[in-house]
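**Student:** Based on what follows, work out the 3D shape:
(2 chains)
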Amino acid sequence: AQTVTQSQPEMSVQEAETVTLSCTYDTSENNYYLFWYKQPPSRQMILVIRQEAYKQQNATENRFSVNFQKAAKSFSLKISDSQLGDTAMYFCAFMRWGAQKLVFGQGTRLTINP
Amino acid sequence: DTGVSQNPRHKITKRGQNVTFRCDPISEHNRLYWYRQTLGQGPEFLTYFQNEAQLEKSRLLSDRFSAERPKGSFSTLEIQRTEQGDSAMYLCASSLGGTSGGADTQYFGPGTRLTVL
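**Tutor:** Reported below is the predicted structural model:
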């Protein structure tokens, strides 16, 4: 069974700073997908960024980028120029190729301070 | 608003009662998922449908839980004889699935928060 671990329960940074959230996972699969989802307070979860394991190039979406280290089974999220609206719970998630269920980590509560 | 909608948003019930939640996916999304999220944890997969067929069920889904998607559109999740341990946020998500085996992007609803007294 796959597991996803987020070792930082909470993080706090000042607005405009860069912050990196950590995620490690355990799998014996070679083909899979990794995701970062954001869950703002009292609002629904939205996809931030996704990475296909077969792609060596790290995914980037505007201020959000990932550092995917397949051998180390590590998938960190970097948020540049952080904004107050980035305050949320962030979940790392894994999906095996051919499956449709997401396996989530425990989440990291990120607070951006003005 | 054309996103995933869930009703009710909050439900308080007494132990032993039955409850039913509804999820309306994004129009034309053929896949629908249910997850459960307890306080301070990430969501856990419960079950998923492709059109009206229930293709996978988690072992978390005990005999007291049943989900349906009768016409391949909305879905209901029923919990019979609720227990205090059922208190959680129940999340629904939908996606437009293909046949390539690739990962769909799942779009989540706001959830139904269940409190069992």
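**Student:** what bridges to the residue of chain A found nearest chain B?
**Tutor:** Residue nearest to chain B within chain A: residue A:104 (3.2 Å; C-beta to the nearest C-beta). For glycine as for every other residue, the C-beta is placed from the backbone atoms N, C-alpha and C. Counting by DSSP bridges, residue A:104 forms beta bridges with residue A:93.
**Student:** can you count the residues close to it?
**Tutor:** Residues near residue A:104, counting by other C-beta atoms under 10 Å in any protein chain shown, number 22.
**Student:** hang on, it packs against residue A:5?
**Tutor:** No: applying C-beta atoms under 8 Å, one finds residue A:104 not in contact with residue A:5, separated by 10.8 Å.
**Student:** Show the contacting residues for residue B:58.
**Tutor:** A:101, B:44-47 (C-beta atoms under 8 Å, 6 or more residues apart in numbering or on different chains).
**Student:** what's the closest non-adjacent residue to residue 20?
**Tutor:** You didn't say which chain, so I picked chain A. Spatial nearest neighbour of residue A:20, excluding adjacent residues (C-beta to C-beta, 6 or more residues apart in numbering or on different chains): residue A:78 at 4.9 Å.
**Student:** that's the wrong chain, I wanted chain B
**Tutor:** residue B:78 (4.6 Å).
**Student:** For that neighbour, what is the enclosing helix or strand?
**Tutor:** strand B:75-79 (DSSP states H and E).
**Student:** next structured bit after that strand?
**Tutor:** Assigned by DSSP H and E, the successor of strand B:75-79 is strand B:88-95.
**Student:** Not counting its own residues, what contacts that next one?
**Tutor:** Against strand B:88-95 from outside (C-beta under 8 Å, 6+ apart): A:45, A:100, B:4, B:6, B:21, B:23, B:25-26, B:29-39, B:43, B:75, B:77, B:104-109, B:111-114.
**Student:** now the next helix or strand after it: how far from the chain's centre is it?
**Tutor:** Per DSSP H and E, strand B:88-95 leads on to strand B:107-108 as the next helix or strand towards the C-terminus. Remark: strand B:107-108 is offset 11 Å from the chain centroid, using C-alpha atoms, centre = their mean, to the nearest Å.
**Student:** Kindly report the same for stretch B:97-106.
**Tutor:** With C-alpha atoms, centre = their mean, you get 19 Å for stretch B:97-106.
**Student:** From the contact counts, what lies against the helix or strand bottoming out on mean pLDDT in chain B?
**Tutor:** Within chain B, no helix or strand scores below strand B:53-57, which has a mean of 91 by mean pLDDT, DSSP states H and E. Contacts defined by 3 or more C-beta pairs under 8 Å, 6 or more residues apart in numbering or on different chains; DSSP states H and E place strand B:53-57 against strand B:44-50.
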